[in-house]
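Undergrad: quick one: sequence plus predicted model below, questions after.
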Amino acid sequence: MSLDHDTITSETQTWLTRAVIGLNLCPFAKAVHVKNQIRYRVSDATSPEDLLEDLVAELSILRDADPEEIDTTLLVHPAVLTDFMDFNDFLDVVDAAVEELDLDGIIQVASFHPDYQFDGTEPDDIENYSNRSPYPTLHLIRESSLEQAVAAIPDAADIYETNIQTLRKLGLEGWKRLWLVGGQEG
């Protein structure tokens with residue numbers, strides 16, 4: 001892939017601030033972003049096997065890190081699993097890696113992809129955009145931090161429904177306007 005790590009990280013941060021935080025798709029994201037507790041790791045993997053190695057390394061780093069320094073990790077992998085179905089199938093490998101490292105119940109992994117599609121939806125359905133990112137991305141989350149965040153949000157169970165309402169109100173044209181920078185779509 002021709003984009004450098006700085007560009008990929010910058011575009012991922014723009015997505016995080018404009019969509020995830022800006023639309024409040026994840027009410028937990030703002031606090032870790034403001035405190036600079038998000039680790040951005042761009043993988044050079046070109047095969048699922050290489051990505052698995054990077055994932056295991058990042059799971060270990062997050063497990064061992066002080067949560068005040070690194071509370072969550074975005075593992076961005078632009079050159080592998082660009083096909084959503086391949087990416088989706090890889091999530092079983094991700095779950096197995098979490099279990100193999102005895103991190104089940106300690107770290108969970110959420111998934112984001114440029115072509116993310118929830119089961120039972122059409123590719124262009126706006127609700128899919130809640131999990132659409134500029135590049136295939138695995139989000140490593142400390143379960144203890146997630147539990148604290150959920151406890152602090154009164155209607156945490158309603159986040160998915162709220163996101164659908166937000167995205168339907170915004171519409172596809174509104175989503176596209178989020179990326180307009182200086183008159184050009186980013």
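TA: Received it, and whenever you're ready, just let me know what you need.
Undergrad: tell me the contacts of residue 43?
TA: 50-51, 54, 75-80 (Cβ atoms under 8 Å, 6 or more residues apart in numbering). For glycine as for every other residue, the C-beta is placed from the backbone atoms N, C-alpha and C.
Undergrad: among the residues you listed, the buried ones, what's the ChimeraX command?
TA: Of the contacts of residue 43, the buried ones go into a single ChimeraX selection, burial set by 16 or more other Cβ atoms under 10 Å:
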select :51,54,75,76,77,78,79,80
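Undergrad: as JSON lines, the contacts of residue 43 with pLDDT, secondary structure and distance to residue 166 would be great.
TA: Listed next are the contacts of residue 43 as JSON lines, based on pLDDT from 0 to 100; DSSP: H, G, I helix; E, B strand; the rest coil; distance: Cβ to Cβ, whole Å:
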{"residue": "50", "pLDDT": "98", "secondary structure": "helix", "distance to residue 166": "36"}
{"residue": "51", "pLDDT": "98", "secondary structure": "helix", "distance to residue 166": "31"}
{"residue": "54", "pLDDT": "98", "secondary structure": "helix", "distance to residue 166": "32"}
{"residue": "75", "pLDDT": "98", "secondary structure": "strand", "distance to residue 166": "26"}
{"residue": "76", "pLDDT": "98", "secondary structure": "strand", "distance to residue 166": "24"}
{"residue": "77", "pLDDT": "98", "secondary structure": "coil", "distance to residue 166": "27"}
{"residue": "78", "pLDDT": "98", "secondary structure": "coil", "distance to residue 166": "27"}
{"residue": "79", "pLDDT": "97", "secondary structure": "coil", "distance to residue 166": "31"}
{"residue": "80", "pLDDT": "98", "secondary structure": "coil", "distance to residue 166": "31"}
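Undergrad: closest to residue 4 among the contacts of residue 43?
TA: Residue 4 lies nearest to residue 78 out of those, by Cβ to Cβ, at 10.5 Å.
Undergrad: what residue ranges in this structure score low on pLDDT?
TA: Low-confidence segments of the chain (pLDDT under 70): 1-2, 181-186.
Undergrad: alright, I will stop here.
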